[in-house]
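In: Have a look at this fold, sequence not included:
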């Protein structure tokens, strides 16, 4: 008998969390599950909707449930519809710890047999008594929280006081590919290419990368991704005099092609959960430079599978970029070790099996509990 899992996201954009969700739904379908994607309609998640449709995943748009009384009023009809559909599992995908809260409450009211929440990122935010009370009530009913890194797990336990026994670390993953792009998606200028794939957001640290670019005049810098900081970053590139060597590509769906034609991948983030872009670059056999922050350091082993530098440090970033570009044996060694690490530790098959094990455990517990009544 095919079991159904409803995946719920209240995200407005498409990034690593949404890519991980697509990989998970594809893997669940291969394992005989029936995934359904529940979401709030938003132009920013168009790639997620398109990807789910391509996987032949059922799409279920629902009205947005904003914070406050307006959102709370929509929980009951949300719950009734969820109960009528009768899924085996409700799996919320949290872009930060307080995301999807009304969706989780709706699943609790609908008495879905297994309720899971994946936490992709911890961000600092003001905490007050009402937040703690709300979270305590929700966490009590959720069967399991999946943290995408040990860093995220430590933070929700320490900061939000979530019970450690309800937290399980399951790393994000990527689908390892050996395909190489037949064309050249990046216009070459004779300089080596330094690629970054990330939202143009303060979190990702692009301004420090641009400062580093000014110190590495022999390289071309390519930034794939869009976001609220695009105009200010373009202005910064002009003020630094590097606009001729820095290309802003905007959102791109051909990341694998971009990776195939770069010389080094850099992610200068200030904080992360577990960045898929790093795993994608390692999977593509590219040397990686990233910041030495929690989550990222679980993917990149410093000096073995990539180089780690202090965050918000353009000088250190420039030194690392130059070391990769001038030391080919180092670049090749890091690239080979990085790809091997992804294959061993961050495969899609491994992640999917770990998630299914969580579903099975919670469903078995529910069956036992029901048998006692």
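Out: Structure's in. What do you need? Keep in mind the model is a prediction, meaning the values are calculated, not measured. Residues are numbered from 1 along each chain as shown.
In: which parts of the one helix or strand residue 48 maps to are buried?
Out: Using DSSP states H and E, residue 48 maps to helix 46-54. Using 16 or more other Cβ atoms under 10 Å as the test for burial, helix 46-54 gives 47-49, 51-52. Quick note: C-beta positions are derived from backbone N, CA and C, even for glycine.
In: and which of those residues is nearest residue 100?
Out: residue 48 (14.6 Å; Cβ to Cβ).
In: which residues touch the residue lying closest to that closest one once chain neighbours are set aside?
Out: Nearest residue to residue 48 in three dimensions, chain neighbours excluded: residue 18, at 4.5 Å (Cβ to Cβ, 6 or more residues apart in numbering). Shown in contact with residue 18 (Cβ atoms under 8 Å, 6 or more residues apart in numbering): 9, 11, 45, 47-48, 93.
In: quick one on the thing from earlier: C-terminal to the helix holding residue 48, what's the next element?
Out: Counting by DSSP H and E, the next helix or strand C-terminal to helix 46-54 is strand 58-61.
In: so where is this structure shaky, pLDDT-wise?
Out: Low-confidence segments of the chain, defined by pLDDT under 70, span residues 176-184, 371-373.
In: Report the buried residues of the top helix by length along it.
Out: Counting by DSSP state H, the longest helix found in the chain is helix 348-371. The neighbour-count check on helix 348-371 (16+ other Cβ under 10 Å) flags 348, 350-352, 355-356, 358-359, 362-363, 366 as buried.
In: try stretch 263-273
Out: Residues of stretch 263-273 classed as buried by neighbour count (16+ other Cβ under 10 Å): 263-269, 271-273.
In: Now intersect these with the strands, please.
Out: For the buried residues of stretch 263-273, the ones inside strands are 264-267, with DSSP state E as the criterion.
In: Is it possible to get a markdown table of these that adds distance to residue 296?
Out: Output for those, formatted as a markdown table (distance: Cβ to Cβ, whole Å):
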| residue | distance to residue 296 |
| --- | --- |
| 264 | 16 |
| 265 | 12 |
| 266 | 12 |
| 267 | 7 |
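In: now the strands for this structure?
Out: Assigned by DSSP E, the chain shows strands spanning 4-9, 34-39, 58-61, 89-94, 114-119, 144-147, 167-169, 193-197, 220-224, 246-250, 264-267, 288-291, 307-309.
In: If you compare the directions of the fourth one and helix 348-371, what angle comes out?
Out: Between the axis of strand 89-94 and that of helix 348-371 there is an angle of 130 degrees, by axes from the mean of the first three to the mean of the last three Cα atoms, to 10 degrees.
In: what does strand 89-94 rub up against?
Out: Residues outside strand 89-94 that contact it (Cβ under 8 Å, 6+ apart): 3-9, 11, 17-18, 20-21, 82, 99-100, 103-104, 107, 110, 112-120, 359, 362-363.
In: Any of those buried? List them.
Out: Listed as buried from the contacts of strand 89-94 are 3, 5-9, 11, 17-18, 20-21, 82, 99-100, 103-104, 107, 110, 112-120, 359, 362-363; burial here means 16+ other Cβ under 10 Å.
In: before we move on, back to that, adding distance to residue 135, write the strands of the chain out as JSON lines.
Out: Shown next, in JSON lines, are the strands of the chain (distance: least, Cβ to Cβ, whole Å):
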{"stretch": "strand 4-9", "distance to residue 135": "17"}
{"stretch": "strand 34-39", "distance to residue 135": "21"}
{"stretch": "strand 58-61", "distance to residue 135": "26"}
{"stretch": "strand 89-94", "distance to residue 135": "12"}
{"stretch": "strand 114-119", "distance to residue 135": "11"}
{"stretch": "strand 144-147", "distance to residue 135": "11"}
{"stretch": "strand 167-169", "distance to residue 135": "13"}
{"stretch": "strand 193-197", "distance to residue 135": "33"}
{"stretch": "strand 220-224", "distance to residue 135": "36"}
{"stretch": "strand 246-250", "distance to residue 135": "37"}
{"stretch": "strand 264-267", "distance to residue 135": "30"}
{"stretch": "strand 288-291", "distance to residue 135": "29"}
{"stretch": "strand 307-309", "distance to residue 135": "32"}
